[in-house]
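# mind looking at a prediction? Sequence and model below.
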Amino acid sequence: MSGPFAEFRDECTRLVKAALEREGMPAEDVRLATPSDPSLGELSFSTFALAKKVRGDPRAIASRIAAAAHGGAWRLVGKVEAAGAGYVNFYIEPKAFAEELIRSVSTEGSGYGTSRGDGEKVLVEHTSVNPIHPIHIGGARNAVIGDCLSRVLKAAGKDVRRHFYIDDVGLQVSQAAYGLSMLGGEEAVRSAAKGKRDHFIGFVYASTSCAMNIRALKGEIERLKAEGKDEEARLKIRELDDWVSVSAELREKDAETFDRILGGVNASADPEGEVAELLKRYESKDPAAVSLIRGLCDAALEGFRETLGRVGIVFDSWDWESETASWNGGAKEVVERLSRTGFTKLEDGTVVLDCEAVVERFGLREKYGIKTEVPPLTLMRSDGTTLYTTRDIAYTLWKFGRADRVINVISIEQKLPQLQLKIALHALGMGDDAERLMHYSYELVHLPGYKMSGRRGRYVTFDEVLEEAVQRAYREVTERSPHLSEEERRRISEVVGVGAVRYALAAVAPQKPITFTWDRVINFEQNSAPFIQYAHARACNILVKAGEGWRGAAVDYSALCSKHERELVIMLSKFPEVVEEAARSLRPEEIAEYANELASKFNLFYDNVPVLKAEGEGAKNARLRLVDSTRIVLSNALALLGVKAPERM
RNA sequence: GGGUCCGUGGCGCAGACUGGAUAGCGCGUUGGCCUUCUAAGUCAAUGGUCGAGGGUUCAAAUCCCUCCGGACCCGCCA
């Protein structure tokens, strides 16, 4: 049983079932719904489906069920009424229900809403931003979703481990490291970087990819022109134009660093070859390559930890791709094992997995809703290095050894490789394990006007969004609460600004694309973290003014009889079920929805029902308990979103 | 071209998995409420053929089909 509302629901269900059995009607499938209007009760049962089955009149059946309720000894069920064309509406017994709810919340405190659960081990991999640029607003969405999901699962009694996968073996990291080597290698990050080092690395990476792209495109254009392929050349020229404008943007930021990288790239006979060589050396654990690339990754991760720490996101494990998949021979072993299955082919020196053949062989088409041919997956390059998905297969096997269920929070862009990963598991004869793996996908954050691109250095960073949010919050706090000390205003604006950003990213369903605007991400009005935090602060304020005397004093729960008190009580009672449901359906945004609605209900109560000036001590104490319960639940709900609840603001 | 996801008042969203009573909320616009606990609040007004068209059903924003629009993917990138 999870909370008073679940108990009320249970009583209603038993009531309906008992009535149906007495009438000789089928009572297996009794599901209750929330009426569209609170005046119609807290739960309802619709009799249409049943009426059809037994060829009866829905209205008459509803009446008979309602009549059967009279005389029953129900604890939390008050009134039961037949209504409309075929509904039975259930109302709570206000006094008993309020008492039960308030006792539950005050006993359980910060544990109210959590459940014991089954202790299933769930590994949530999230954020996993490539260590070649700072976390941008798209990565922030991943981080916030993954963190909220972890919190919700934990509250539902799961044994959650949060993992960050460091993709240090990729071509991109080698490219960034190649650029870094023009600046003097890993020492350059330590000394040269002003500001956050992940930002510096982002600049190095963008500069390197820009320089390499310009050089490669120029070569291609010359070749195409010489071959008389003017049409193709024209397309490449357009691409080149884009990169030339990127180079101007980068030079404007730091011309010296950019020019050194550009010079280095142009001085090389074969930059692509050098990057590939560096990757190859890293995969074979060559000390100089390791020192360079790890130096770069460490600097980026230091920046990530700082940013994530600011928003309250921490990890239980930082998994290096090199260690979980590459240096331990995991990825190579995956290639060998897959090669033995007969599903791979050798094409120009590369090893390719025939995904389509696996899909056919194991009948996966229907299982995964595959309607088209699945493209083959290259497992190994002709130079013997592995590809990302190959290493991800090895990493997945590593994860399976550490959890019952694995959830990967990865953007929708990687839908196909994540499917290919599952297909590879089937090929390995691990079809059952594939069921334990889930790609939790989310849509991208778009920028108005242009697309974010790490390679081009075009992104809005999480850091700048947070900074702007906290500054706006500071202006707001200063304007509204000038009496607070500077230090307290700073502290509050940090909590409010960070909360606003987290809420904005957590509240939108993951499968909806977001177009970034400042006003959207930093909102202090209704349906925002500050709105909810404000309700919490108001509740705290009443309690501060009330002192401590009320806690042991006599209480008259029957005083909580107004519409606003009743709705607030019911809202509070639903929290445990909301948490369970959010965990079951993996939808943390339902917590945001709930918290917002609870704050709205509390504001209505606050504006309409006097607490400290209530008539009678019993009523005042009952309301104080209700305020205290609201404070606790608002704080618990915000905690699931990773948002702090200030006592003043 | 193929596939997947999304489409709900001017704008931003909830409701869809599990069909149910007059489709909720915020922003915006207009007009009220601070000598009762913090006005980041609240009240009222305004505004919707739930992308279009079919189908299933006693009942469809919700399920099915077709179409339109947008995003994403279809690499020896990740």
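Now that the structure is in, tell me what you want to look at. Numbering: from 1, shown residues only, chains lettered A, B, ... in the order given.
# what residue is smack in the middle of chain A?
Central residue of chain A (CA atoms, centre = their mean): A:I145, 0.8 Å from the mean position.
# what about dumping the CA coordinates of the host helix or strand of that residue to PDB?
Using DSSP states H and E, A:I145 sits within helix A:137-155. The C-alpha trace of helix A:137-155 is given here as PDB (Å, rounded to 0.1, in the frame of the first residue of the first chain):
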ATOM      1  CA  ILE A 137      22.400  22.800 -23.800                       C
ATOM      2  CA  GLY A 138      21.600  19.500 -25.600                       C
ATOM      3  CA  GLY A 139      23.900  17.600 -23.300                       C
ATOM      4  CA  ALA A 140      22.300  19.400 -20.400                       C
ATOM      5  CA  ARG A 141      19.000  18.000 -21.400                       C
ATOM      6  CA  ASN A 142      20.500  14.500 -21.400                       C
ATOM      7  CA  ALA A 143      22.100  15.100 -18.000                       C
ATOM      8  CA  VAL A 144      18.900  16.500 -16.400                       C
ATOM      9  CA  ILE A 145      16.700  13.800 -17.800                       C
ATOM     10  CA  GLY A 146      19.100  11.000 -16.800                       C
ATOM     11  CA  ASP A 147      19.600  12.400 -13.300                       C
ATOM     12  CA  CYS A 148      15.800  12.900 -12.700                       C
ATOM     13  CA  LEU A 149      15.100   9.400 -14.000                       C
ATOM     14  CA  SER A 150      17.700   8.000 -11.600                       C
ATOM     15  CA  ARG A 151      16.200   9.900  -8.700                       C
ATOM     16  CA  VAL A 152      12.700   8.700  -9.500                       C
ATOM     17  CA  LEU A 153      13.800   5.100  -9.900                       C
ATOM     18  CA  LYS A 154      15.700   5.200  -6.700                       C
ATOM     19  CA  ALA A 155      12.600   6.600  -4.900                       C
END
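# list the buried residues in the helix or strand following it.
Elements were assigned by DSSP H and E; along the chain past helix A:137-155, the next helix or strand is strand A:159-166. By neighbour count with 16 or more other CB atoms under 10 Å, strand A:159-166 contains the buried residues A:V160, A:R161, A:R162, A:H163, A:F164, A:Y165, A:I166. Any C-beta I mention is one placed from the backbone N, CA and C, and that applies to glycine too.
# how many residues are close by A:K371?
6 (other CB atoms under 10 Å).
# what of A:G179?
31.
# I'd guessed it sits against A:F203; true?
No. Using CB atoms under 8 Å, A:G179 makes no contact with A:F203, being 9.3 Å away.
# and the helix holding A:I145, does that touch RNA strand B?
No. Helix A:137-155 does not reach RNA strand B (CB under 7 Å from any atom of the strand); its nearest approach is 10.6 Å.
# off-centre distance for that helix?
Its chain's average C-alpha position is 3 Å from that of helix A:137-155, according to CA atoms, centre = their mean, to the nearest Å.
# before we move on, what about stretch A:51-61?
45 Å.
# same check on stretch A:160-178?
20 Å.
# quick check: mean pLDDT of that stretch?
Stretch A:160-178 comes out with an average pLDDT of 97.
# what is the end-to-end distance of that stretch?
Stretch A:160-178 has an end-to-end distance of 37 Å (CA to CA, to the nearest Å).
# all helices of the stretch 451-600 of chain A, in order?
Taking DSSP state H, counting those that start in this stretch, the helices of the stretch 451-600 of chain A run over residues A:462-480, A:486-507, A:518-521, A:529-546, A:563-573, A:575-584, A:589-608.
# for A:L76, find the nearest of those.
Taking CB to CB, helix A:563-573 is the member of the helices of the stretch 451-600 of chain A nearest to A:L76, at 9.4 Å.
# quick one: low-confidence parts of the stretch 51-200 of chain A?
A:192-193 (pLDDT under 70).
# with distance to A:V358 added, can I get the buried residues of strand A:159-166 in JSON lines?
Converted to JSON lines, those look like this (distance: CB to CB, whole Å):
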{"residue": "A:V160", "distance to A:V358": "31"}
{"residue": "A:R161", "distance to A:V358": "30"}
{"residue": "A:R162", "distance to A:V358": "31"}
{"residue": "A:H163", "distance to A:V358": "27"}
{"residue": "A:F164", "distance to A:V358": "30"}
{"residue": "A:Y165", "distance to A:V358": "24"}
{"residue": "A:I166", "distance to A:V358": "29"}
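# A:A69 contacts A:K17, correct?
No. Applying CB under 8 Å, one finds A:A69 not in contact with A:K17, separated by 12.0 Å.
# who has more neighbours, these two?
Shown here are A:A69 and A:K17; by other CB under 10 Å, A:A69 has more neighbours (20 against 15).
# quick one: find the helix or strand in chain A with the lowest mean pLDDT.
The weakest-scoring helix or strand in chain A, judged by mean pLDDT, DSSP states H and E, is helix A:186-192 (a mean of 80).
# name the residues of that helix that come out as buried.
For helix A:186-192, using 16+ other CB under 10 Å, the buried residues are A:E186, A:A188, A:V189.
# distance from the chain centre to the following helix or strand past it, please.
Note on helix A:186-192: by DSSP H and E, the next helix or strand toward the C-terminus is helix A:197-226. Distance of helix A:197-226 from its chain centroid, counting by CA atoms, centre = their mean, is 34 Å.
# who are the packing partners of helix A:197-226?
Contacts defined by 3 or more CB pairs under 8 Å, 6 or more residues apart in numbering; DSSP states H and E place helix A:197-226 against helix A:171-182, helix A:186-192, helix A:230-267, helix A:271-283, helix A:287-310.
# among the ones you listed, which is the most enclosed?
Of all the helices and strands packed on helix A:197-226, helix A:171-182 carries the top mean neighbour count, a mean of 25, counting by mean count of other CB atoms under 10 Å.
# is RNA strand B contacted by it?
Yes. For helix A:171-182, a contact with RNA strand B is found by CB under 7 Å from any atom of the strand, at A:L171, A:Q172.
# got the angle between that helix and helix A:271-283?
Relative orientation of helix A:171-182 and helix A:271-283, computed by axes from the mean of the first three to the mean of the last three CA atoms, to 10 degrees: 100 degrees.
# for helix A:171-182, packing partners?
In terms of contacts (3+ CB pairs under 8 Å, 6+ apart), helix A:171-182 is packed against helix A:186-192, helix A:197-226, helix A:230-267, helix A:271-283, helix A:287-310.
# the longest one close to RNA strand B?
To tie it back to what came earlier, the one meant is helix A:230-267. No. Using CB under 7 Å from any atom of the strand, helix A:230-267 stays clear of RNA strand B, coming no nearer than 12.5 Å.
# quick one, that helix and helix A:171-182 angle?
If you take the same axes, to 10 degrees, helix A:230-267 sits at 50 degrees to helix A:171-182.
# tell me the domain ranges of chain A?
Residue ranges for the domains of chain A, per automatic domain parsing: A:4-92, A:121-168+A:314-446, A:172-310, A:462-640.
# quick one: the ones you listed as JSON lines, columns for distance to A:E108 too.
What follows is the domains of chain A, written out as JSON lines (distance: least, CB to CB, whole Å):
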{"stretch": "domain A:4-92", "distance to A:E108": "11"}
{"stretch": "domain A:121-168+A:314-446", "distance to A:E108": "12"}
{"stretch": "domain A:172-310", "distance to A:E108": "29"}
{"stretch": "domain A:462-640", "distance to A:E108": "8"}
